[in-house]
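Asks: Below are the sequence and a predicted model; questions follow.
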Amino acid sequence: MPQPPNWMTEGAGHVWRPYCQMKTAPAPLPVARTEGARIILEDGRELVDGIASWWTACHGYNHPHIRAAVIAQLERAPHVMFGGLAHEPAYRLAARLAALLPGDLDHVFFAESGSVAVEIAMKMALQFWINRGVAGRTRFLSFLGGYHGDTLATMTVCDPEEGMHGLFTGVMPAQHIAALPTDAASEAALDALLAEKGSEIAAILVEPRVQGAGGMLFHGDEVLRTLRRLADKHGVLLIFDEIFVGFGRTGDLFACSGSGVIPDIVTLSKALTGGTLPLSAAIARRTVFEAFWSDDPGAALMHGPTYMGNPLACAAANASLDLFETGAWKADVARISAALAEGLEPCRAAKGVVDVRTYGAIGVVEFAEPVAVGALCAKFAELGCWIRPMGKVIYLTPPFVTTDQELARLTGAIVTVVCGDVEAGMGGV
């Protein structure tokens, strides 16, 4: 094993790592730099990134257009507070997002992370009813298999059985968690729940098309149309959490656009800046915003993350939108989807596998039982790939610039490990 660099040895005793029991988890891999779809380690090894750094680096790493935009903004103003001041990158980004999103999703509130954007959306929904003089709308309805973040309020709307947040049961008020309305029976059950509890529900919260961290669970657009219909019927708001699926991952720029369903609030983050800087947004329809537009100071949304609308991050996001405007990503997503479907198909016959599925640039191999994340990460790294499973799934969400050879390496590595076939093709790279 290569010796870790000095900076890692000196810092290891002071860094608290995410999502692992540090006493028993393998040491992380030290990264020297990134380029395209690859992570270059300190020892010179190159790993094809199969998960785009938790779904963020949609255009690949170090894209020259985004890098140039960030450098240019750094020379002008890296940051300025958003309270009482304005700057061009944020205002231009807000206008562009409003133009790209469907309907009247026109009012953009910036933050730094996905979890915070969801918290802001929840706060908007709660205060929407307060400002309209409606009492008692203090709870939310979300869904089994859902994940919306690790902050306190977002934990309450995640699937309570997904495993990460069970320790905190009872710390925050419980929410209503239901099954997605995927058939007549589950639609009827949801309708009945809303009829009984609708007067206490501020909003329905859902990940459209794909429930990400809850297990890469797919559902059709008819589910979203049903949710819109039921939300309108029972007079509750509808929030789409597009932090994962937004910006092309499912084949449409936004799931709400492709599905034809306009939520009352949508949250965005992850690929918003092309994976370069932290930025998120909660974007509301006109009717939601108008509940806050008042001569009464108390009706304002009293929220303001310190780095909201950060100019560097907004410059990166504008540059990322420039790349999306070319339309080239659509062919890449289709190409990746086909490669994942074909490349992962052999896993269907492997022991313990219960499903192999794809949706846009997402490929999933699901097992009957949870997988050993640390051990699998190490095996994939030996095969030249960075793939980090979660729960019961090994999945791929590669950057859109990933080449066909790199895709073959990724799917070949999974086939090798899952099927135990050391001769599985690695795409010649």
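Replies: Nice, thanks for sending it over. Residues are numbered from 1 along each chain as shown.

Asks: Whichever strand or helix holds Lys379 packs against which elements?
Replies: Applying DSSP states H and E as the criterion places Lys379 in helix 373-382. The contact analysis (3 or more C-beta pairs under 8 Å, 6 or more residues apart in numbering; DSSP states H and E) places helix 373-382 against helix 404-419. For glycine as for every other residue, the C-beta is placed from the backbone atoms N, C-alpha and C.

Asks: With just CA atoms, put the helix it packs on into CSV.
Replies: Written as CSV, here are the backbone C-alpha positions of helix 404-419 (Å, rounded to 0.1, in the frame of the first residue of the first chain):
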residue,chain,number,x,y,z
ASP,A,404,-17.6,5.2,-24.0
GLN,A,405,-14.3,3.6,-22.9
GLU,A,406,-14.7,5.1,-19.4
LEU,A,407,-18.3,3.9,-19.3
ALA,A,408,-17.1,0.4,-20.2
ARG,A,409,-14.6,0.5,-17.4
LEU,A,410,-17.2,1.5,-14.9
THR,A,411,-19.8,-1.1,-15.9
GLY,A,412,-17.1,-3.7,-16.4
ALA,A,413,-15.8,-3.2,-12.9
ILE,A,414,-19.3,-3.7,-11.4
VAL,A,415,-19.8,-6.9,-13.5
THR,A,416,-16.4,-8.1,-12.3
VAL,A,417,-17.1,-7.6,-8.7
VAL,A,418,-20.8,-8.6,-8.7
CYS,A,419,-20.5,-11.6,-10.9
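
Asks: Can you list the buried residues in it?
Replies: Residues of helix 404-419 classed as buried by neighbour count (16 or more other C-beta atoms under 10 Å): 406-419.

Asks: Ok, stretch 330-344 next?
Replies: 332-333, 335-337, 339-340, 343-344.

Asks: Which residues does that stretch contact?
Replies: 248-249, 251, 356, 358-365, 396, 398, 400-402, 404, 407-408, 410-412, 414-415 (C-beta atoms under 8 Å, 6 or more residues apart in numbering).

Asks: hmm, back to that, could you check how far the helix holding Lys379 is from the centre of its chain?
Replies: Taking C-alpha atoms, centre = their mean, to the nearest Å, one finds helix 373-382 lying 23 Å from the centre of the chain it belongs to.

Asks: now the angle from that helix to helix 404-419?
Replies: Here helix 373-382 points in a direction 140 degrees away from that of helix 404-419 (axes from the mean of the first three to the mean of the last three C-alpha atoms, to 10 degrees).

Asks: Using PDB, write out the CA atom coordinates for helix 373-382.
Replies: Taking Å, rounded to 0.1, in the frame of the first residue of the first chain, the C-alpha atoms of helix 373-382 are listed here in PDB:
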ATOM      1  CA  VAL A 373     -19.600  -0.100   1.200                       C
ATOM      2  CA  GLY A 374     -16.000   0.200   2.300                       C
ATOM      3  CA  ALA A 375     -14.900  -3.200   0.900                       C
ATOM      4  CA  LEU A 376     -16.600  -2.600  -2.400                       C
ATOM      5  CA  CYS A 377     -15.100   0.900  -2.700                       C
ATOM      6  CA  ALA A 378     -11.600  -0.700  -2.300                       C
ATOM      7  CA  LYS A 379     -12.300  -3.300  -4.900                       C
ATOM      8  CA  PHE A 380     -13.600  -0.800  -7.400                       C
ATOM      9  CA  ALA A 381     -10.600   1.400  -6.900                       C
ATOM     10  CA  GLU A 382      -8.300  -1.500  -7.600                       C
END
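
Asks: Name the next helix or strand following it along the chain.
Replies: strand 385-386.

Asks: Can you list the strands that that next one pairs with?
Replies: Partner strands and pairing direction for strand 385-386 (DSSP bridges) are strand 46-49 (parallel).
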